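Engineer: got a structure for you, letters missing:
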């Protein structure tokens, strides 16, 4: 092997880790197109909407037999007659005497499995083995969709936990360091959502949408989550970002719809990596999952020219 290549490999593979060649019982596999197309596509959605628009009720459009509802809001009044399974994060936290954020993080670890790159952290194999016992009554095999209500409350609970960490206290004065707490918040929230995104199930999170108006009466919309940086970066993790909003038809009829494309006339947060959704879609998550998995793109024409000046 050329000396330069040996140096590059040494930098890429730390000496603390065994060489890949030592894993004789495993091999690197390529997922063939035929296998990929046969598998059920998991879809990760982040849905925002103003308070009261009915984000929680979207769970009613999912198959209750295969959906796990993760309740961080401590309130399932909107789905009280929905026959699906619910885990109450706050009640579980009280039972174990822990922060709700610690339960939410442990649940993400249980759902997504351990992270091989995390040897001793929150998503490590030892921690995963520990949460297996705590969540043993949750049969993950029966679920193909995890519905999280809501990412807004998750960020609040995460911030409460972050404020109590040593890094959120000034070493000089011993007083709370808000900047340190927000740094922990961003790291924790990005890690949590990314870990859930990489699990083998569809993950749907909902959150509150803020309406902001400046001095010039210009309106902008932004996610309601703790920490401005966290709010800016979270949508980039998800395949699908949508806004649930109320609209009025030409005959003045009120209706709800999901805004699904980034280029929309209202400036709502939206993104469609699947390319299968129209600008607005009916608020039926079950139907949307089917539509995305069918893979019939609506943006088949790729424009590679600029408009004439």
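Structural biologist: Cool, got the structure. Note that the coordinates shown come from a computational prediction; the quantities given were computed from them, not determined experimentally.

Engineer: All the strands of the stretch 101-250 of the chain, residue numbers only.
Structural biologist: All strands of the stretch 101-250 of the chain, identified by DSSP state E, counting those that start in this stretch, fall at 145-149, 202-213, 219-223, 240-248.

Engineer: and those, which is most packed in?
Structural biologist: Stretch with highest mean neighbour count among those: strand 145-149 (a mean of 24; mean count of other CB atoms under 10 Å). All C-beta atoms are positioned from the backbone trio N, CA, C, and that covers glycine.

Engineer: which stretches of this structure form helices?
Structural biologist: Assigned by DSSP state H, the helices in the chain fall at 3-12, 33-38, 89-96, 100-112, 125-134, 151-163, 178-197, 228-233, 285-294.

Engineer: Out of the ones you listed, the one nearest residue 212 is which?
Structural biologist: Evaluated over the helices of the chain, closeness to residue 212 peaks at helix 228-233, with 11.8 Å, by CB to CB.

Engineer: For the closest one, name the packing helices and strands.
Structural biologist: Applying 3 or more CB pairs under 8 Å, 6 or more residues apart in numbering; DSSP states H and E, one finds that helix 228-233 makes contact with helix 178-197.

Engineer: Now do the buried residues in the helix it packs on.
Structural biologist: Residues of helix 178-197 classed as buried: 180-186, 188-193, 195-197 (neighbour count, 16 or more other CB atoms under 10 Å).

Engineer: ok, back up a step: switch the helices of the chain over to TSV; also include mean pLDDT.
Structural biologist: Listed next are those as TSV, based on pLDDT from 0 to 100:
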stretch	mean pLDDT
helix 3-12	38
helix 33-38	53
helix 89-96	93
helix 100-112	96
helix 125-134	92
helix 151-163	97
helix 178-197	95
helix 228-233	88
helix 285-294	96
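
Engineer: circling back: the buried residues of helix 178-197: which two are farthest apart?
Structural biologist: Greatest spatial distance among these (CB to CB): 180 and 197, at 26.3 Å.

Engineer: For residue 297, grab phi and psi.
Structural biologist: phi -70, psi 140 (degrees, to the nearest 10).

Engineer: same question, residue 261
Structural biologist: phi -120, psi 140.

Engineer: so what pLDDT did the closest residue to it other than its chain neighbours get?
Structural biologist: The spatially closest residue to residue 261, leaving aside those adjacent along the chain, is residue 279, at 4.8 Å (CB to CB, 6 or more residues apart in numbering). pLDDT recorded at residue 279 is 96.
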